[in-house]
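Trainee: Following is a predicted model, sequence given first.
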Amino acid sequence: MNGVAASLGAAFVLAGVGGVAGLAVPARWRSAAVGAVTAAVGVAGAVSGVAAVSGTGWQVRLPGLLPLAGVTLAVDPLAGWFLLLIGGVAAVVGVYTIGYAGTSGLGPAARGSSAVLPVFVAAMLLVPAAGSVSTFLLAWELMAMASLLLVLSEHRHSRAVRSAALWYAAMTQAGFVVVLLGLAWLAAAVGGESFAAIRAGAAGLSPVVSGGVFLLCVAGFASKAGAVPLHPWLPRAHAEAPSHVSALMSAAMVKLGVYGIVRLGFDLLGGGPRWWWLLLGALGAVSALYGILQAAVAADLKRLLAFSTSENVGLILLGLAAAGVWAEAGQPAVAGVALAAALLHAANHAGFKTLLFCGAGSVLRATGTRDLDRMGGLSRRMPATTALFTVGVLGAAALPLGNGFISEWLLLQSLLHRDPAGGTVLTIAAPVAVAVVALTAGVGVVTYVKALGVGFLARPRGEGAAAAVESPPSMLAGMGLAAAVCAGLAVVPVVLAPALDRVVTGLRAGPGPLGGSSATLRLAGIASTISPLWIAVGVVGLAVGCAAAGRALGRARRRVPAWDCGDGPLTARMEYTATAFAEPLQRVFDDVLAPEQAVDVTQSAESAYLVRAVEYRRRLPDRVEARLYRPLITAVDAIGRAARALATGSVHRYLAYMLAALVAVLLAGVVR
Amino acid sequence: MTDQLLNLACGLFLLTAVGVLWRRELAALITLLTVQGVALAGIAVLLAVDQRHAETAGVALAVGILKIAVLPYLLRRILARVPEARETAPLVNVATSLLAAAALTLLAYAAARPLIDLAPSPTAGAAPVGIAVMLIGFFLAATRRRAISQIVGVLLIDNGIAAVAFLATGGVPLLVELGVSADLLLAVLVLQVLTTRLHAAFGGTDLDDLRELHD
């Protein structure tokens, strides 16, 4: 039996077992059972992904499973890459869930949430494995429904959860509808709904149809991926969902939006005209910049991580856009590198974002707050969590020794090493894209320095942080696994080179970009190499060497109190807060962020020169949401109110509506 | 021979529907509905004879009992309790109603053409009659004030659907027809209760009185 089939089948069976276990197992053992089964589902999914990226293809058609269309599954290297990614994330999150959900039987450990968790993972595995439009849409909707239920896990806990779920439900359904329209249009135009038939018929499509399908589907997929301006659900849902769900959604589910764009743009439609990719690139650039800016000024840790997801998705989309443009401009070697950069960044982001969301969950569980301004001092109280979070921060900040660095470097290479003979538009677009990546990376460093420095170092600024204790071993084990994967991706990404080569050549986007890499990543067609292993050895060696030299040559260490201007002992109130840390950046990007600030100064009763209290309030509303979505919501609301006039309470009127609708449908049939 | 009888039954089926629009006495409406039930059962019997199919005969029997005996009986019982004999002021007057019925019948024939093209046969060719009766039933329910007229409208819709099912597919499985019939019986029983209550509460059965319940 085929390896992909066996492991994927095992994953689905296990997910069924997990669903039943979530319902049947008593609260005391429920989280352990569900977490273990979810981890097993993830491992099975990852194994099928490994089999698929190492060249084992598999497809099957099960006509009896669903009426009319049946179920078609087809796994190729591209699907395998995403199966591996989702499986890996689920395996880590499963282990983490055991300790995180706990034995209370409430919130994330409640019967419903526990039962849905493995089903959600299975639905995510089904999306890349789908081999026809109907199967894909079914899996997509199953995934959306399951994730919505999981977002609602803590709906008794706070009202914000319901509002977040409502936003998510509305946006995910709208996204589903446009994807449905696009794919149905595509299937109707080529006269077949299996991906194989679409691939065969795509060459004969008119540019209007393929362009329309691309626009519709990209809108839906980009909204699932959380690209700005289709992102408002993301900071809400990621912040309000339980942290293991946030990790699954941000690290795995969001990537399936990316998968949809790759599958449609490069595989099913086989590439497209330049304007598609320039549009996608613009979307990516806006997402990257706006996402990281909002993340930099966010004081809520999970909101920060959520906006950082938008940013990373933006970078991935930028890579895809570069790949599409270079492929269209006849530079397949660079296109291959860009595609590889995008796919590798998807994997890297999955790695470090799983770790960071799990870390945030750990902190939230210990301190009871997501507000960075009320944290601090956690490095003493939660040393293991802090160390693991640091690994994630290193990756997310895209600094050397972190895994994000490699893929962003690849992305920059693909943007810099292009053939100059590409036309005026590309001559302008490529340097702009480079500038966007550079600015994003810079602000990203500030963001994660803030997250780690303000959140974990110095003294606690809140009671919750002061009373924090280290998380249980299963949570640390899950985070440890994620950290190990991140470190592996950072130091020896070459192990993924053959898999990436197979994915890229499978998409006919270019030759294998990383062909023949050993310890050094050697880019095919570009005179450029990088050796992460030697960078790591060098950096670690230098640091250790400096420390040793300092010990050996310097004077003996002394312990002295920190300088306090002679104003008594230092207190936590004197520390840098997250708001204060981001304030300079907020000033620089004042026009983009448009913060609402208020400073109230209360004078002393005796003299106007003596200040008794200063109150500072700042709100950073999401401008895209305020400008784009609020008017839309108001308009829909107004239409809804106006439509009440249609319902007068008269039975005759209602019957007349039905008759009119029936006659209209029949007439439409006759006229056609 | 069977074809001509079938056409006769279909003609009667459509004519009774138009008659329901034309007459205002509620008692006459019920009589016309009974005749229509006879026509529908006749269609089913003719199909059963044509195909020598026992199950279709069973369906014909069930339809006959329900439409000729049970439903008219229930309607007459309602009429006995609610002392209103005539549909006094329909929302659309009778002459216009008849014109509308003609237009709806034309629409039904035009819309059913692709359906007939699927399997051209004398029985399928008569299927538009069912669609026309369904549309007329809808029109009746939407334009008449008295509750009984509206029940009759709903029954016309159901008769139309049943006729299309018979004519287009050449017989409905017994189980499906039983389910539909049980549903219909329940609907009429509910409407009976509603009508009686309406009469008790408002002194009439004009359904627009219910508008007072709207917030």
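Mentor: In hand now; what should we look at? Residues are numbered from 1 along each chain as shown, chains lettered A, B, ... in the order given.

Trainee: What pLDDT does the model give the residue lying closest to residue B:173 once chain neighbours are set aside?
Mentor: Of all residues beyond its chain neighbours, the one nearest residue B:173 is residue B:55 (7.0 Å), with distances taken as C-beta to C-beta, 6 or more residues apart in numbering or on different chains. For glycine as for every other residue, the C-beta is placed from the backbone atoms N, C-alpha and C. Listed pLDDT for residue B:55 reads 82.

Trainee: Could you list every helix and strand that the helix or strand where residue B:55 lies packs against?
Mentor: Using DSSP states H and E, residue B:55 sits within helix B:54-64. Counting by 3 or more C-beta pairs under 8 Å, 6 or more residues apart in numbering or on different chains; DSSP states H and E, the packing neighbours recorded for helix B:54-64 are helix B:26-51, helix B:174-202.

Trainee: Buried residues in the first one, which are they?
Mentor: By neighbour count with 16 or more other C-beta atoms under 10 Å in any protein chain shown, helix B:26-51 contains the buried residues B:26, B:29-48, B:50.

Trainee: For chain B, what's the nearest residue on the stretch 551-672 of chain A?
Mentor: Nearest to chain B in the stretch 551-672 of chain A, going by C-beta to the nearest C-beta, is residue A:649, at a distance of 2.8 Å.

Trainee: just checking, that residue is part of a helix?
Mentor: No. Assigned with DSSP: H, G, I helix; E, B strand; the rest coil, residue A:649 falls outside any helix and is coil.

Trainee: Near it, how many other residues are there?
Mentor: Using other C-beta atoms under 10 Å in any protein chain shown, residue A:649 is surrounded by 13 other residues.

Trainee: ok, now the one 4 residues further on?
Mentor: Counted with other C-beta under 10 Å, the burial measure for residue A:653 works out to 15 neighbours.

Trainee: Quickly find the element holding it.
Mentor: Here residue A:653 is assigned to helix A:651-671, by DSSP H and E.

Trainee: chain center to that helix, what's the gap?
Mentor: Put simply, helix A:651-671 sits 46 Å off its chain's centre (C-alpha atoms, centre = their mean, to the nearest Å).

Trainee: ok, residues contacting the helix holding residue B:55?
Mentor: B:37-38, B:40-41, B:44-45, B:47-48, B:162, B:171-174, B:177-178, B:181 (C-beta atoms under 8 Å, 6 or more residues apart in numbering or on different chains).

Trainee: Could you find the lowest-pLDDT member of these?
Mentor: Across the set of the contacts of helix B:54-64, residue B:171 stands lowest in pLDDT, at 68.

Trainee: Can you give me the distance of the residue nearest the centre of chain B to residue A:64?
Mentor: By C-alpha atoms, centre = their mean, chain B has its centre lying nearest to residue B:156, at 1.7 Å. As judged by C-beta to C-beta, to the nearest Å, residue B:156 and residue A:64 stand 40 Å apart.

Trainee: what's the answer for residue A:149, then?
Mentor: For residue A:149, the distance to residue A:64 - C-beta to C-beta - is 28 Å.

Trainee: higher neighbour count, those two?
Mentor: Neighbour count, other C-beta under 10 Å: between residue A:149 and residue A:64, residue A:149 has more, with 17 against 8.

Trainee: Ignoring the adjacent residues along the chain, who's closest to that one?
Mentor: Distance criterion C-beta to C-beta, 6+ apart; nearest residue to residue A:149, sequence neighbours excluded, is residue A:116 at 4.8 Å.

Trainee: Quick check, the one you found in contact with residue A:150.
Mentor: Yes. If you go by C-beta atoms under 8 Å, residue A:116 and residue A:150 touch, sitting 5.7 Å apart.

Trainee: pretty sure residue A:264 contacts residue A:216?
Mentor: No. Look at residue A:264 against residue A:216 with C-beta under 8 Å: they stay out of range, at 10.0 Å.
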